[in-house]
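In: dropping the sequence and predicted coords here.
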Amino acid sequence: MAAKLSKSGGSRFDLGQNADINVTPLVDVMLVLLIIFMVAAPLATVSVVVSLPTAVAKPSQNPPKPVYISIQESGDVYIGDFITSAETLGDDLKKQIGRRDPTKERIFIRADKNTSYGDFMGVMNGLQDNGFYSVALIGEDNSK
């Protein structure tokens with residue numbers, strides 16, 4: 001912000017504020033940036049011709065669909081959208097993952113905040129008994 005040193009009708013020591021934008025430094029900076037980009041742009045182009053070999057790597061398969069287990073407040077256990085029980089949880093999970101290795105499969109667990117600890121631990125014990133050791137717990141994101 002600039003200041004006026006004198007104004008009409010006042011003493012020469014009266015200072016007033018000038019709220020006009022000083023555009024000259026802005027134009028100077030923009031011109032310098034324009035020159036820098038004009039000089040750097042030709043360096044970014046590749047002028048060397050190279051004959052690239054064909055790719056020999058096989059395309060990777062899509063990652064497997066994640067398995068979600070939901071535990072309601074009432075103690076009902078769901079694998080995806082299908083209801084199951086703590087006793088048949090391991091067999092139902094093995095059917096869902098197919099021929100994949102259960103020790104390397106990650107299981108995502110969503111539990112209601114009012115679920116009893118015993119119901120939750122029953123599901124966790126059922127997973128461990130059937131070889132599912134990689135478990136991720138899902139919570140609600142309240143960081144907003």
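Out: Good, I have the coordinates.

In: going forward, measure contacts between C-alpha atoms and count neighbours the same way
Out: Will do.

In: got a list of what residue 138 touches?
Out: 108, 109, 110, 111 (CA atoms under 8 Å, 6 or more residues apart in numbering).

In: recalculate using a threshold of 7 Å.
Out: 108, 109, 110 (CA atoms under 7 Å, 6 or more residues apart in numbering).

In: can you put those in CSV and add secondary structure and distance to residue 138?
Out: Converted to CSV, those look like this (DSSP: H, G, I helix; E, B strand; the rest coil; distance: CA to CA, whole Å):
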residue, secondary structure, distance to residue 138
108, strand, 7
109, strand, 6
110, strand, 5
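
In: going through those residues, which ones are buried?
Out: Buried members of the contacts of residue 138, scored by 16 or more other CA atoms under 10 Å, are 108, 109, 110.

In: the second one: what's it in contact with?
Out: For residue 109, the residues meeting the contact criterion (CA under 7 Å, 6+ apart) are 68, 69, 70, 136, 137, 138.

In: tell me the pLDDT at residue 54?
Out: pLDDT for residue 54: 81.
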